[in-house]
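# kindly return the folded structure for what I paste below:
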Amino acid sequence: MTGRPSTDQSIDKEFMSTFARGLELIRSFDTETPAMTLSAVAEKNGLSRAAARRYLLTLLKLGYVSQDDKTFRLTAKVLELGYSYLASLDFTETITPIMEKVSYRLGESCSALVLDGTDIVYVVRIPRRGLIPINLQIGARLPAYATSGGRVLMSALPDTELDDLLDRTSFDRLTAYTKDRQGLVTEFEQIRSNGYAIVDQELELGMRALAVPVFDRRGQTRFALNTSSHVSTVSVQRIIDEYVPILQEASRRITDVLP
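Predicted coordinates for the structure are as follows:
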C-alpha cells in the first residue's frame, strides 16, 4: 500500500545519522571508560572496526580525541561544545555572582541544572566543603526523578512530554524514601503550586535538597537553582522558611538579566 510519507518519515529525512553517531561516540567516553582502544569503541557503539576507525580519525584530526599508541581518549577541546551553551546564558558575568551570594548566605552549595533526557546535568556549581558524599562537578548527571532540580524541571513540561519522560524513566529505589511514579505525579502539582521542590533523602541518605525554577522573560523555565544540605544541619521546615525565599529571590534576579 502506498501513500504520502508520515510526518515521522519526513522528519527522518532531515536526520543526519552519521553526525548523530559521531556525537554518541564522543559520549561513550565516560568515567568507566575514559580511554578505549579501537575495538572497544567499536563494540561499545555497535560499529564495525572500519566505521569506528573513520569516526576516531576524524575526531583526532579535529582535535576532539588524542591517541596514545592504540588507546584513544577525549581532549579538553570537547569542553568547547558545552561552553557555547554556558556562554549563551552568560553565567560567568551575570549569573555566577548571584549564585555565589546564595551560597554565602546559606553556607551551602548552589548549582544550576538543566534537564537532558531522563537526567539532570550540572552546568554551574558553587561548591561547599561539607558532609555530602556525592562528588558533583560541572557535567555531572543524576536521575531527574530523584532530584529536586529534576522534579522542578519535569513539572514545567507539557503533559505529553512529561508522560513520555516518565515512560522512559527507570524508577530505581535508591533509598527507602525514594518515591515511585505515582508519588511523583502527585508531587508535581504541589511543585507547580509552591514554586519549589524538596527531596528529602530520596537520592542519598542524609541529604536534603531544594530547587526552584529560573524563568526567562517570556515565562519559560530555562534551568533550576539547587542547594543541598545534610539532615543534621537543617530541617525541612527551615528549608521552607529560610532557604526557599533566598533561592526564589535569586531566581527573580537571574530572570531580570537573562536575554
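
# from Y104, how far off is the residue lying closest to K101 once chain neighbours are set aside?
The shortest distance from K101 to any non-neighbouring residue, by Cβ to Cβ, 6 or more residues apart in numbering, is to A250 (7.3 Å). Placement of C-beta: from N, CA and C, glycine included. With the distance defined as Cβ to Cβ, to the nearest Å, A250 ends up 11 Å from Y104.

# ok, those two, which is more surrounded?
Regarding A250 and Y104, a neighbour count based on other Cβ atoms under 10 Å identifies A250 as having more, with 22 against 12.

# make sure the more buried one is indeed in a helix.
Yes. Under DSSP: H, G, I helix; E, B strand; the rest coil, A250 falls within a helix.

# tell me who's in contact with it.
A250 is in contact with 98-99, 101-102, 110, 225, counting by Cβ atoms under 8 Å, 6 or more residues apart in numbering.

# emit the PyMOL select command for whichever of those are buried.
Selection command for PyMOL covering only the buried members of the contacts of A250, criterion 16 or more other Cβ atoms under 10 Å:
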select buried, resi 98+99+101+102+110+225
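
# taking the contacts of A250 one by one, which sit in strands?
Restricting the contacts of A250 to those inside strands, with DSSP state E as the criterion, leaves 110, 225.

# report the two of the contacts of A250 separated the most.
Longest distance between any two of these is 11.8 Å, between K101 and L225; criterion Cβ to Cβ.

# returning to that earlier point: ok, so of the contacts of A250, who is nearest V65?
Minimum distance to V65 across these is 32.5 Å, recorded for M99 (Cβ to Cβ).

# show the pLDDT at the residue nearest to that closest one when sequence neighbours are not counted.
Across the structure, with Cβ to Cβ, 6+ apart as the measure, the residue nearest M99 apart from its sequence neighbours is C110 (4.5 Å). Note for C110: predicted pLDDT of 93.

# got it, and R222?
With respect to pLDDT, R222 has a value of 89.

# okay, strands next: where are they in the stretch 51-200 of the chain?
Under the criterion DSSP state E, counting those that start in this stretch, the stretch 51-200 of the chain carries strands at the ranges 65-68, 71-74, 110-116, 119-126, 141-143, 197-200.

# list the contacts for the residue nearest to E100 when sequence neighbours are not counted?
What sits nearest to E100 in space, not counting adjacent residues and going by Cβ to Cβ, 6+ apart, is I126, at 5.5 Å. Contact analysis of I126 by Cβ under 8 Å, 6+ apart lists 96, 99-100, 102-103, 109-111.

# how close does I126 get to F72?
Here the criterion is Cβ to Cβ. By it, I126 lies 34 Å from F72.

# neighbours of G149, how many?
If you count neighbours by other Cβ under 10 Å, G149 ends up with 30.

# do you know the pLDDT at it?
What the model reports for G149 is a pLDDT of 95.
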